[in-house]
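>>> sharing a model that was predicted from the sequence below.
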Amino acid sequence: MIIFTARIPKRRLAAGACAALCCVFAVLAFAFTLRGRAVTASAEVKNIRNNDDRLAYLNGLGWQTSPQPIATEELLIPEQFDDSYAGYLKLQEDQGFDLTQYQGKRVKRYTYQLTNYPGQTEPVQISLLIYKNRVVGGQIQSSSGSFLHGFLRPEGEPSPTPTPAPAAGRRQTV
C-alpha cells in the first residue's frame, strides 16, 4: 500500500477554491445565456435553400401563399441604424430575430401574396429576409401600407398594435 501526502499552503488552497467557484459561475452564466437565446435560435431557421423550403417555412407558420414569390429583391441592411428603424428592429426582435447581426450585409427579400389572411379585403403580403440560407427576419404587410406586423396570426395571441409601414420611396435598405 502506497500513501502520498502533500502539504498545500492555505493561500494556494483558497486560490484553487476561488478558481473552481469562478468556473461554476461561468458555466451557469453560459447556461442561462443559452436559455435566453432559445427563441432566437428557433426563429432563425437554417437550410432555406429554395422556393419549396420557403413555402414549407411559411406553411409551418400557418400561412398559405401564392406558389411563387411576387417579388424577389436584394437589400442592403444599413451599417448604422438611425431612429427611423427603431420600430422595425423592435418588430423583428419581438419575433426572435436580431438584424443588428447583419448590419452591412446583403439579404434577399422574398415577398409572397397571402391567400388566407383573416378578414382582409385588400391584398396582404408576407416577406422573408434570407441571409445565407437562413431566415433572419420578415413581416406581414398590406399592399396599401396600412399595416405591418410580425408572422403571428392575428387570431393567435393578443396582437400588438400593428407597426405603421415605412414610407414609400425609401432607398433599397431594410
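Good, I have the coordinates.
>>> following the worst-scoring helix or strand of the chain on mean pLDDT, which helix or strand comes up?
When each helix and strand of the chain is scored by mean pLDDT, DSSP states H and E, helix 38-43 comes last, with a mean of 37. Counting by DSSP states H and E, the next helix or strand C-terminal to helix 38-43 is helix 51-60.
>>> show me what that next one is packed against.
Counting contacts by 3 or more C-beta pairs under 8 Å, 6 or more residues apart in numbering; DSSP states H and E, helix 51-60 is packed against strand 106-113, strand 124-131. Bear in mind the C-beta positions are built from the backbone N, C-alpha and C, glycine included.
>>> buried sites along it?
The neighbour-count check on helix 51-60 (16 or more other C-beta atoms under 10 Å) flags D53, R54, L55, Y57, L58 as buried.
>>> now do the contacts for L61.
By C-beta atoms under 8 Å, 6 or more residues apart in numbering, the contact set of L61 is F151, R153.
>>> do S144 as well
S144 touches E122, counting by C-beta under 8 Å, 6+ apart.
>>> local confidence estimate at the residue nearest to R134 when sequence neighbours are not counted?
Spatial nearest neighbour of R134, chain neighbours left out: K46 (5.0 Å); criterion: C-beta to C-beta, 6 or more residues apart in numbering. What the model reports as pLDDT for K46 is 87.
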